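Participant: the following block contains a protein sequence and its predicted model.
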There are 2 protein chains.
Amino acid sequence: MVERALELADEEGIDAVTMRRLGSVLGVEAMALYTHVRSKDDLLAAIGSRILTELDAEPQDVADWRGRIETVCRAWAKLRARHPESFALVYRAEIGVLPVTEELMDALITAGFSGAGAWLAYQTLVFFLDAPLVHWPRLSPAEAWRLDAEGTHLRELAPFAQHYSWDDVWENGLELFLDGLEARLRRS
Amino acid sequence: MVERALELADEEGIDAVTMRRLGSVLGVEAMALYTHVRSKDDLLAAIGSRILTELDAEPQDVADWRGRIETVCRAWAKLRARHPESFALVYRAEIGVLPVTEELMDALITAGFSGAGAWLAYQTLVFFLDAPLVHWPRLSPAEAWRLDAEGTHLRELAPFAQHYSWDDVWENGLELFLDGLEARLRRS
DNA sequence: ACACTATCTTTACGCTGTATAGATTGTCAA
DNA sequence: TTGACAATCTATACAGCGTAAAGATAGTGT
């Protein structure tokens, strides 16, 4: 049932997931779903958890801490790419400490962070890398830029907007972040 | 009317903004609102635009490009703090090129970015700094950490979670970003 | 064979956005 | 002053939503 709900969300958007609609997909009345789920919120949280099961937490054989962090972050990004319509539901799930949480924190400690520094670095990473995934733009960079910059002198930059995807922007942000962390380690 | 809708959203949450409810606040039937607004989506977009009018774009007398970027980003963050419940509606508004867009881009060009580099830096800043604002956590860092790390060895870090607010995390991310940009400029 | 349990259906309620049609009011020209 | 026109508001209605409550059905273990 959660499986079908996830498919439905991915195919027709999260708004298509109504109790009646999901019921009819399963060949059943809407109220029958309440035997398996406490409420619709419950269902959405279950979909979120279901998505999380696809999170690839295999610790790759990457030696340096930077590579390990990149691996974890890209695994998250991949999850969004797989379920663009329903990825935001991950936040409805009660997350707890995931294997990736451990991996991320361990990489930071290996890097040389500890105590307050490690906590702040971890939280900052999650804070800034997850949010854009949840809030991923629907329009391509080129379209968005055309809409926003049309008729202004900024449209001169349009060719560059053509060159990059949102994945590129996200990847660039990740690198900037890690550069910042590295610089901070070097200074201390 | 948009004014009252914004107040209602800020006081009782965005879910309280229904056509009937807003009508009754204004002493009028729900359908009367449709004389002034095409649809509810229209209304929400209007609230988003209304919030944007509070964006303080005064170019401060800050000399360095880094300070100028910080100023603009903090102005955005301040907007979220003022309207935590309804800030996400900013994304419904048709934004276009705002004074802050110009200011941000100009600061980047002053810094030494140009062409593709400027575009990518701008987009990355917006991408990573706006999304967390829209997706600002409801629980405090301490509460969130307690919930997530309870019963695991990571709860040892709980004291550090007490020390920081989400604003601190956001500010930390901003600095990391700018550190990254600075490093990139130095390298080129 | 009987009771118990899990599952599903039916009906109904209050809520949502909004289409449609009619009433009311204010403004301006004849 | 009167009459038309436009702006505004009300009344009614409809389809859709989540879900409470009660009843039907069927499968299981004693």
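Facilitator: All right, it came through fine. In this text, all values refer to a predicted model and were calculated from it rather than measured experimentally.

Participant: what about A:Ala45, how many neighbours?
Facilitator: 20 (other Cβ atoms under 10 Å in any protein chain shown). All C-beta atoms are positioned from the backbone trio N, CA, C, and that covers glycine.

Participant: what helix or strand is it on?
Facilitator: For A:Ala45, the host element (DSSP states H and E) is helix A:40-52.

Participant: okay, buried residues for that helix please.
Facilitator: By 16 or more other Cβ atoms under 10 Å in any protein chain shown, the buried positions in helix A:40-52 come out as A:Leu43, A:Leu44, A:Ala45, A:Ala46, A:Ile47, A:Gly48, A:Ser49, A:Arg50, A:Ile51, A:Leu52.

Participant: which one of these is nearest chain B?
Facilitator: Using Cβ to the nearest Cβ, A:Leu52 comes nearest to chain B of these, at 13.1 Å.

Participant: can you read off the pLDDT for that closest one?
Facilitator: What the model reports as pLDDT for A:Leu52 is 93.

Participant: show me the contacts for it.
Facilitator: The contact partners of A:Leu52, taken as Cβ atoms under 8 Å, 6 or more residues apart in numbering or on different chains, are A:Leu79, A:Val90, A:Ala93, A:Ile95, A:Leu98.

Participant: how about the third one, nearest residue that isn't a chain neighbour?
Facilitator: Take A:Ala93 and drop its neighbours on the chain: the residue closest to it by Cβ to Cβ, 6 or more residues apart in numbering or on different chains is A:Gly48, 3.5 Å away.

Participant: do A:Leu178 as well
Facilitator: A:Arg66 (5.5 Å).

Participant: right, and the one you found touches A:Leu185 too?
Facilitator: No - contact criterion Cβ atoms under 8 Å: A:Arg66 and A:Leu185 do not qualify, at 10.3 Å.

Participant: and for those two, which residues touch both?
Facilitator: Counting by Cβ under 8 Å, 6+ apart, the shared contacts of A:Arg66 and A:Leu185 are A:Ala111.

Participant: what helix or strand is the residue nearest the centre of chain A located in?
Facilitator: Of all residues in chain A, the one closest to the mean position by Cα atoms, centre = their mean is A:Leu133, 4.0 Å from it. Following DSSP H and E, one finds A:Leu133 within helix A:116-134.

Participant: quick check: phi and psi on the residue nearest to the residue nearest to the centre of chain A when sequence neighbours are not counted?
Facilitator: Closest residue in space to A:Leu133, ignoring its immediate chain neighbours: A:Arg80 at 4.4 Å, by Cβ to Cβ, 6+ apart. For A:Arg80, the backbone dihedrals are phi -60, psi -40 (criterion: degrees, to the nearest 10).

Participant: again, but for A:Val25
Facilitator: Here is the backbone geometry of A:Val25 (degrees, to the nearest 10): phi -60, psi -40.

Participant: leaving out the residues flanking it, which one is nearest to A:Asp56?
Facilitator: Nearest to A:Asp56 is A:Ala75, by Cβ to Cβ, 6+ apart, at 4.9 Å.

Participant: contacts for whatever helix or strand that neighbour lives in next, please.
Facilitator: Assessed by DSSP H and E, A:Ala75 sits inside helix A:65-82. For helix A:65-82, contacts defined as Cβ under 8 Å, 6+ apart pick out A:51-52, A:54-57, A:59-60, A:62, A:87, A:90, A:100, A:103-104, A:106-108, A:110-111, A:125, A:129-130, A:133-134, A:136, A:167, A:170, A:174, A:178, A:182.

Participant: list buried residues within those residues.
Facilitator: With burial judged by 16+ other Cβ under 10 Å, the buried subset of those is A:51-52, A:87, A:90, A:100, A:103-104, A:107-108, A:111, A:125, A:129-130, A:133-134, A:136, A:170, A:174, A:178, A:182.

Participant: re earlier: count the residues that sit near the residue nearest to A:Leu133.
Facilitator: That count, for A:Arg80 with other Cβ under 10 Å as the rule, works out to 20.

Participant: before we move on, the earlier item: wait, the residue nearest to the centre of chain A touches A:Phe87, no?
Facilitator: Yes - assessed by Cβ under 8 Å, A:Leu133 is found in contact with A:Phe87 at 6.4 Å.

Participant: buried set for stretch A:79-90?
Facilitator: Buried, per 16+ other Cβ under 10 Å, within stretch A:79-90: A:Leu79, A:Arg80, A:His83, A:Glu85, A:Ser86, A:Phe87, A:Ala88, A:Leu89, A:Val90.

Participant: that stretch close to DNA strand D?
Facilitator: No - on the criterion Cβ under 7 Å from any atom of the strand, stretch A:79-90 is out of touch with DNA strand D, staying 13.4 Å away.

Participant: what parts of chain A come near DNA strand C?
Facilitator: So chain A meets DNA strand C at A:Gly23, A:Val28, A:Glu29, A:Ala30, A:Met31, A:Ala32, A:Thr35, A:His36 (Cβ under 7 Å from any atom of the strand).

Participant: quick one, phi/psi of the closest residue to the third one other than its chain neighbours?
Facilitator: Setting aside the residues directly before and after it, A:Glu29 is nearest to A:Gly23 in space (Cβ to Cβ, 6+ apart), at 5.5 Å. In terms of degrees, to the nearest 10, the main-chain angles of A:Gly23 are phi -60, psi -50.

Participant: A:Gly180 and A:Ala111: what is the separation?
Facilitator: Distance, A:Gly180 to A:Ala111, using Cβ to Cβ, to the nearest Å: 12 Å.

Participant: repeat that for A:Glu54.
Facilitator: Remark: distance between A:Glu54 and A:Ala111 (Cβ to Cβ) = 27 Å.

Participant: which elements pack onto the helix or strand harbouring A:Arg184?
Facilitator: Applying DSSP H and E as the criterion places A:Arg184 in helix A:166-187. On a contact count with 3 or more Cβ pairs under 8 Å, 6 or more residues apart in numbering or on different chains; DSSP states H and E, helix A:166-187 meets helix A:65-82, helix A:116-134, helix B:116-134, helix B:166-187.

Participant: I appreciate the help and will end here.
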